[in-house]
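> The following block contains a protein sequence and its predicted model.
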Amino acid sequence: MSTFSTIVTSASIIVHSTLFAFALRRKQRFHDAWAWSAATLLLGLAASASYLMSDDIRFVNDKIGRGFIFAFLLMAMLVAFGAIVFYNIRRSLLKAWLALGIVWLVGLVAAAATSESVPIGENEWLINVFTSPDVVSIITLAGLAIAAFILLVTAFSGFYSAFLPEVANRALFWVINIAILVTAIILGLSGSEQLVLIGFPILAFGLIGSIYAQMSHRVFDIRGGLTLTAQTLVIMLLTMLFMLVALFISLNLELTNDGSGIAVIIAIALVASGLYIPIREIVEIIFRRMSGEPLTGVTQATRVYSQQVSKAVDIDQLVGIATQTLNQVMGVRNSGLIVVNSTDPDGKSDAIELFVMPGSGVPENIETHVLLNLASPIYHTLASERLALSQYDLEFAEQYQQADKQEREFFTNLQMGAYAPIVVEDTLIGILACGAKINDAPFTAQDLEILATMGDQTGIALRNARLFADLKHLNESMSNLNKGLEEANEQLAVLDSVKTDFITIASHELRTPLAQIRGYNDILDALNEQGLLDQDQIASMSNNLRKATERMEGLIAAMLDVSQLDVNAMDLNFTPTSPEAVVRMAIEPLTEAIKERKLSLSARGLRGLPQIDADLQRLVQAFGNLIVNAIKFTPDGGRVEITGSLQKATKPGEQDHVLIAIADTGVGIAPENLELIFEKFYRAYDPALHSTGTTKFLGAGPGLGLTIAKGVIEGHRGKVWVESLGHDMETYPGSTFYVLLPVSQPSDGRRVLQIDDGSHSSAPDEASLLRSEPSPGTLEEWP
């Protein structure tokens, strides 16, 4: 070995030793890849040291010499280096790579041990191997080619699959580093001393790149560097061309050394420089367009953004203007606005809520809000330090690994590239978000600085927009409150008149039976004094007195029921009951009235309904009131239809319901009265108009029947409502009352096994009613 070779090899050993010592002092920055980094450096050091061995030293029957040992160490170093690549790019395949590498190295050793000669690394081996290949050489070259191919494919796949430009740039850096290291290994295996010496500095350069990539949070922009290099070369060629042209013209003009000659040279220089400057600017613009960089400068970009966002009035408009302007001036594909909502107005909460505004360029079907802890390093960077933050830093910087997993996932799912705080009066009120650049270049420190400046410029606009939104919401709320107040005042006025009308109604409803009782009492007294009473007269007047007292008792009972509803004191005793029986029992007392009024009443769909848990007496009372209401407001000869249906549950945990509709062909109900008719003492018509019976057409009453019906039905956890096309005394649009009842009641509902006869007045029991047939002419059909 020549002196020069010894010096170069020794220098390589020193470089490898220095790199190992440097990496050892900073091994904590290598994390779990330190073992593979140390193995790579030590194997490179051993390979350099092995090259100092004498060619005369041989092993294994003089077959293995310096060349094979040197080559084997280089290939083992490639396996260790590949482990670093897989750890950084595709960690899931690390074990597979190691297994493949071990098989390759073991196969190489086995082939060398069984072969007659091992020419690897010997003089001119790489040239001669293609003319006279052997097993060891084939395993070496095939393994090297496969290993290089796998590493390059892995690095390129990491480049193309990376969402963040910084990650893609790091993968591209590994592509270059792999190419450098493989080139150094090929030169080392060549067997040519000159090529091996050239390979040593290349190998050292590749190992330095490996250490740099692992210790650096960011690597330099590869694509940006290549673009800048190409631009610099073009400008150098352009400068040289102008200088040569100017020099050529000056030489061919045969200028003299007097003043005129100097003047011509100055003129040529001025013309050349005048042409050079704009052409150079054109070249720079062309390269910027080719690289996808925005053509606006920093000052112009911030000025344009400030002018645009100041035009926004409401927050939706601000989102549109801010995102559109950011896309233009920053050269990004998408952007968005995140607003901050305090979870505690008193400032005592330990977190704030981040909410992505609609219209932001984020993927669909993602979580658009998250709680950001005030102790989070993300909040500290944005709010306290007021610095822009890149998504790459969020993913890989050590300080953000302590942030809550939910916080990091929220920002990851947004698929943005950088974030800038919007701070007003030392309070974080929003965040500007920028997506990936159009040219897929990583965000530089200058980009983040520009974005932070734009975030500051957005602060006043966002605060004003939110104040405008709050004011608009306040005005809408006040308008709704005023509207509700007007409606409430109108209802109060109506109800106030109802109270006055109640005096008139109650006086009539009470005085009428009292007058009858007093009148018949006077008649009895007079006839008794004259001795003219007979049994028929006594029976007739007793019957009339009984009707009067029953009417008075009914009114008092209704008023007591309403009072119980007011204090939620009505006791409901639930027992299994069929809806058909309830409707039959409600209709039974009205049979004669229906016949007298020549009304047609039909019922359909009730027999097939399931049993329901209900208080039979109260539910019969409620349906009776609804049917009486339909009869009263349907003219003679009209029609009342009752239909039933089963409403199946549509969601898990819900239960089936029974829906019963009572439709009539009566006078109908005005839209403004559809809810008021269920109020106590309310009557939709003149309270001065009275009727001599509760089932007569437009018959009078105290206005309590529908109130009681609603209270009883809601006590069954049901619902009652009415629909009508309006009120008309000529066309009779009619109305339909709907009753929705659950099939079963909660387990806490009071249940009884049988109905107490003493507590259910004179209503017929369900069993007897089911055995009886409807009165002739009462029901058209009962399917």
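Ah, there it is.
> didn't Ser192 look like it was pressed against Asn123?
Yes. Using C-beta atoms under 8 Å, Ser192 is in contact with Asn123, at 7.5 Å. Yep, even glycine has a C-beta here, placed from its N, CA and C like the rest.
> State the distance from Glu122 to Phe68.
Between Glu122 and Phe68 the computed distance is 8 Å (C-beta to C-beta, to the nearest Å).
> same check, this time on Ser132
Per C-beta to C-beta, Ser132 is found 17 Å from Phe68.
> Give me the more crowded residue out of those two.
Neighbours per residue (other C-beta atoms under 10 Å) separate Ser132 from Phe68, with Phe68 holding more: 25 against 8.
> Just to check, that one is in contact with Ala112?
Yes. Contact criterion C-beta under 8 Å: Phe68 and Ala112 qualify, at 6.3 Å.
> what sits in contact with each of those two?
Jointly contacting Phe68 and Ala112 under the rule C-beta atoms under 8 Å, 6 or more residues apart in numbering are Val118, Ile120.
> can you pull the buried residues of stretch 420-434?
Across stretch 420-434, burial judged by 16 or more other C-beta atoms under 10 Å covers Ala420, Pro421, Ile422, Val423, Leu428, Ile429, Gly430, Ile431, Leu432, Ala433, Cys434.
> Only C-alpha atoms, please: export stretch 230-243 in CSV.
In CSV, the C-alpha atoms belonging to stretch 230-243 read as follows (Å, rounded to 0.1, in the frame of the first residue of the first chain):
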residue,chain,number,x,y,z
ALA,A,230,-30.2,25.1,-10.9
GLN,A,231,-31.2,28.8,-10.7
THR,A,232,-27.7,29.8,-9.7
LEU,A,233,-26.1,27.8,-12.5
VAL,A,234,-28.4,29.4,-15.1
ILE,A,235,-27.6,32.9,-13.8
MET,A,236,-23.9,32.1,-13.8
LEU,A,237,-24.1,30.9,-17.4
LEU,A,238,-26.2,34.0,-18.3
THR,A,239,-23.6,36.3,-16.6
MET,A,240,-20.8,34.6,-18.4
LEU,A,241,-22.6,34.9,-21.7
PHE,A,242,-23.1,38.6,-21.3
MET,A,243,-19.5,39.1,-20.3
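> what's next to that stretch, contact-wise?
Applying C-beta under 8 Å, 6+ apart, the set of residues contacting stretch 230-243 from outside is Ala272, Leu275, Tyr276, Ile279, Arg280, Val283, Glu284, Phe287.
> What residues sit buried inside it?
Those would be Gln231, Ile235, Phe242, for stretch 230-243 by 16+ other C-beta under 10 Å.
> and if you look at stretch 83-98?
Ala83, Ile84, Val85, Phe86, Tyr87, Asn88, Ile89, Arg90, Leu94, Trp97, Leu98.
> Which is the succeeding secondary structure element to the host helix or strand of the second one?
To tie it back to what came earlier, the one meant is Ile84. Assigned by DSSP states H and E, Ile84 belongs to helix 66-89. Using DSSP H and E, the helix or strand that follows helix 66-89 towards the C-terminus is helix 94-114.
> how big is the angle separating that following helix from helix 66-89?
Helix 94-114 and helix 66-89 are oriented at 170 degrees to each other (axes from the mean of the first three to the mean of the last three C-alpha atoms, to 10 degrees).
> need the next SSE after helix 94-114, C-terminal direction.
Using DSSP H and E, the next helix or strand after helix 94-114 towards the C-terminus is helix 125-128.
> Now that following helix: average pLDDT?
Averaging pLDDT along helix 125-128 yields 72.
> before we move on, what about stretch 393-411?
Averaging pLDDT along stretch 393-411 gives 88.
> Going by neighbour count, list what's buried in it.
For stretch 393-411, burial by neighbour count (16+ other C-beta under 10 Å) applies to Asp393, Leu394, Glu395, Phe396, Tyr400, Ala403, Asp404, Glu407, Arg408, Phe410, Phe411.
> what's the spacing between the third one and Glu122?
When distances are taken as C-beta to C-beta, Glu395 and Glu122 turn out to be 49 Å apart.
> Neighbours of Leu78, how many?
For Leu78, using other C-beta under 10 Å, the count is 25.
> picking that back up, show me what the helix holding Ile84 is packed against.
If contacts are counted by 3 or more C-beta pairs under 8 Å, 6 or more residues apart in numbering; DSSP states H and E, helix 66-89 sits against helix 34-50, helix 94-114, helix 135-161, helix 165-189, helix 193-215.
> Output it as CSV, nothing but the C-alphas.
The C-alpha trace of helix 66-89 is given here as CSV (Å, rounded to 0.1, in the frame of the first residue of the first chain):
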residue,chain,number,x,y,z
ARG,A,66,-8.1,-8.3,3.1
GLY,A,67,-10.5,-7.7,0.2
PHE,A,68,-13.2,-10.1,1.5
ILE,A,69,-13.0,-8.8,5.1
PHE,A,70,-13.2,-5.2,3.9
ALA,A,71,-16.2,-6.0,1.6
PHE,A,72,-18.0,-8.1,4.2
LEU,A,73,-17.7,-5.2,6.8
LEU,A,74,-19.0,-2.7,4.2
MET,A,75,-22.0,-5.0,3.5
ALA,A,76,-22.7,-5.5,7.2
MET,A,77,-22.5,-1.7,7.6
LEU,A,78,-25.2,-1.4,4.8
VAL,A,79,-27.5,-3.8,6.7
ALA,A,80,-27.1,-1.7,9.9
PHE,A,81,-27.6,1.5,7.9
GLY,A,82,-30.7,0.0,6.3
ALA,A,83,-32.1,-0.6,9.9
ILE,A,84,-31.7,3.2,10.5
VAL,A,85,-33.6,3.9,7.3
PHE,A,86,-36.5,1.5,8.1
TYR,A,87,-36.6,2.9,11.7
ASN,A,88,-37.2,6.4,10.3
ILE,A,89,-39.4,5.6,7.4
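> All good on my end, thank you.
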